[in-house]
Every structure is written in C-alpha cells, then in structure tokens.
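[1] From the sequence below, what's the structure:
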Amino acid sequence: MLQTPSTPSQPVRTEASDSKTCIDSRQLLAGRNLIEIEHAGQRYQLRVTRENKLILTK
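    Okay, here's the model as predicted:
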C-alpha cells in the first residue's frame with residue numbers, strides 16, 4: 001500500500017506489512033549525498049558512495 005504525503009516535505013512510505021515501513025532513499029536524501037540522523041542522543045551520518053551504496057556511520 002502506497003501512502004501519498006500530505007505535504008511535499010514528508011517522505012513517501014510504503015507499508016510492507018503491519019510491522020515494517022519502507023521509505024524510499026531518494027525521498028529521505030532529497031538529492032543530497034549526506035544527511036545527519038539523530039537517534040537516542042547520538043548523531044549518525046547516512047552517506048551515498050560513488051558506487052551508489054549507503055553507509056551509516058556514528
């Protein structure tokens with residue numbers, strides 16, 4: 001099931017099952033190669049490599 005966002009800034013989410021949510025990386029990154037994610041008081045970097053792979057670092 002595909003849900004359309006209510007505003008353009010929200011990521012598109014695809015419901016894979018009741019317990020899983022899939023977010024398209026293009027929506028999450030929005031054209032950038034690096035974003036920072038804060039989780040439990042820690043800051044992480046999500047980076048796209050030249051080979052178009054994702055790396056998450058602390």
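[2] mind listing the strands for this protein?
    2-3, 13-15, 21-23, 34-39, 42-48, 54-57 (DSSP state E).
[3] The third one pairs with which strands, and in what direction?
    Taking DSSP bridges as the criterion, strand 21-23 forms sheet pairs with strand 13-15 (antiparallel).
[4] Find the residue closest to L34 in space, skipping its chain neighbours.
    Spatial nearest neighbour of L34, excluding adjacent residues (CB to CB, 6 or more residues apart in numbering): R47 at 4.9 Å. To be clear about C-beta, it is placed using only N, CA and C from the backbone, and glycine gets the same treatment.
[5] Which of the strands of the chain comes out lowest on mean pLDDT?
    The minimum mean pLDDT among those belongs to strand 2-3 (a mean of 44).
[6] isn't E36 right next to R47, touching?
    No. Using CB atoms under 8 Å, E36 is not in contact with R47, being 10.0 Å away.
[7] just to revisit the earlier point, how about the contacts made by the residue nearest to L34?
    By CB atoms under 8 Å, 6 or more residues apart in numbering, the contact set of R47 is N33, L34, L54, I55, L56, T57.
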